[in-house]
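> okay, sequence plus prediction incoming.
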Amino acid sequence: MITTDILIIGAGPTGLFTVFEAGLLKLKCHLIDALPQPGGQCSEIYPKKPIYDIPAYPEILAGDLTDKLLEQCKQFEPGFTLGERAETIDKQEDGTFIVTTNKGTKHHAPVVAIAGGLGSFEPRKPLIHNIADFEDKGVEYIIKDPEMYRNKRVVIAGGGDSALDWSIFLSDVASEVTLIHRRNEFRGHLDSVEKVQELKNAGKINLITPAEVVGIVGNDKVKAVVVKQAQHIEKEFEVECDHFVPLFGLSPKLGPIANWGLEIEKNAIKVNNALDYQTNIPGIFAIGDVNTYPGKLKLILCGFHEATLMCQAAYQIINPGKRYVLKYTTVSGVDGFDGTRKEAPKAVVKAIE
Ligand SMILES: Cc1cc2nc3c(=O)[nH]c(=O)nc-3n(C[C@H](O)[C@H](O)[C@H](O)COP(=O)(O)OP(=O)(O)OC[C@H]3O[C@@H](n4cnc5c(N)ncnc54)[C@H](O)[C@@H]3O)c2cc1C
């Protein structure tokens, strides 16, 4: 059982900033995320895109923003359960909560902050009749550990940045990489498209376009994919492989959280925005893109603001009756849980002769 003060569901920008704000109040946080890495939409959907409306950053790449948030909260030593989806929540007699993931990991906390964004990201699966039979038997929708593909024959399907980037990366790891896309044109960074062209010319990536994977061959493991190519005349053939990785993007789903007894409106969790972003269940808060209230804006800076106010309310639940006096970090400094201390240089009394 993992125990913490605030259990945060979702390690996107809102969840990560919550760790910092909670740390200032000496509250410990643990984050659960269905994705294998922190950063939410910023790292999963648009890590290389510049954001222009983060206060004090005229321009910052979404991936760099995630790195900065991780750096800022590191001193408060957050725990992470990554690659697991929060599935169930059980309120205990003492008012605390136990949240269990789809892999059975249990987390216990007096306060739960749902920072689940648009929901947990589920892979968009291609419509191949027997694909479910081969999931985790050679078919993967997300590449978690590229080493798994060392010296293996890999077929990647897709026409976006993920398909391009992984084809490039795996061309140095796998024994054979085949990239299949239903159009001749790819939608991605120019650099990546040009790199794939270069690797194709060098014989390091086999490119099959315009084509689609329409079937999978194998017994208990993938042995080949059936490809339908539509150039001049339609033809079907098999490409032998050990892995088939369709990278058609991820679609967010509120998922299991929708069944937690929370008030839901238009696929978002209703909160009390006049006060502290608490939901209809005391002790459960919803912050960032996942919540809704009159005038709600799904912006990163709004998530930061909501996280800050929510932490004050969490402090009161965890320390009933104790008064917290807000101090500027310029005045109080920051005491990390890792023993570090940051503070502004102190004023000195010294005569000038
Ligand atoms: C292309 C694009 C461009 C954008 N540009 C801007 C911009 O310029 N400026 C701006 O302010 N905003 C922008 N946004 C919006 C911004 O990214 C979001 O407002 C922000 O990511 C919300 O942060 P969050 O932490 O609330 O949620 P998210 O970033 O969505 O993170 C939520 C996390 O929760 C996880 N999760 C959900 N449910 C579960 C569960 N049950 N168990 C485990 N994990 C779960 C998800 O896997 C996800 O990682 C953009 C969005 C997109 C898609």
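Yep, it's here.
> could you use CA atoms for every contact and neighbour count after this?
Will do.
> where does residue 177 land in three-state SS?
strand (DSSP: H, G, I helix; E, B strand; the rest coil).
> so how far is residue 253 from it?
31 Å (Cα to Cα, to the nearest Å).
> more neighbours: the two, which one.
residue 177 (28 against 16; other Cα atoms under 10 Å).
> tell me what that one is bridged to.
Beta-bridge pairing of residue 177 under DSSP bridges involves residue 154.
> correct me, but it touches residue 151?
No - with contact defined as Cα atoms under 8 Å, residue 177 does not count as touching residue 151 (10.1 Å).
> which helix is the longest one in this protein?
helix 300-318 (DSSP state H).
> I'd like the average pLDDT over that helix.
Average pLDDT, helix 300-318: 97.
> elements contacting it?
helix 13-24, strand 111-114 (3 or more Cα pairs under 8 Å, 6 or more residues apart in numbering; DSSP states H and E).
> can you tell me which of these comes nearest to residue 238?
Checking those against residue 238 by Cα to Cα gives helix 13-24 as the closest, at 43.2 Å.
> quick one: the closest one near the ligand?
Yes - residues of helix 13-24 contacting the ligand under Cα under 6 Å from any ligand atom: 13, 14, 15.
> just give the nearest non-adjacent residue to the second one, would you?
Spelled out, it's residue 14. With Cα to Cα, 6 or more residues apart in numbering as the criterion, residue 14 has its nearest non-adjacent residue at 5.1 Å, and that residue is residue 303.
> any idea how far that neighbour is from residue 289?
Counting by Cα to Cα - residue 303 and residue 289 are separated by 7 Å.
> residues in contact with the closest residue to residue 302 other than its chain neighbours?
With sequence-adjacent residues excluded and distances taken as Cα to Cα, 6+ apart, residue 302 is closest to residue 288, at 6.7 Å. When contacts are counted by Cα atoms under 8 Å, 6 or more residues apart in numbering, residue 288 touches 14, 115, 116, 117, 298, 299, 300, 302, 303, 304, 306, 307.
> PyMOL command for the buried members of those residues?
Paste this into PyMOL to select the buried members of the contacts of residue 288, with burial taken from 16 or more other Cα atoms under 10 Å:
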select buried, resi 14+115+116+117+300+302+303+304+306+307
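> okay, the most centrally placed residue in the chain: pLDDT?
The centre of the chain sits closest to residue 40, judged by Cα atoms, centre = their mean, with a distance of 3.2 Å. pLDDT recorded at residue 40 is 94.
> good, we can wrap up now.
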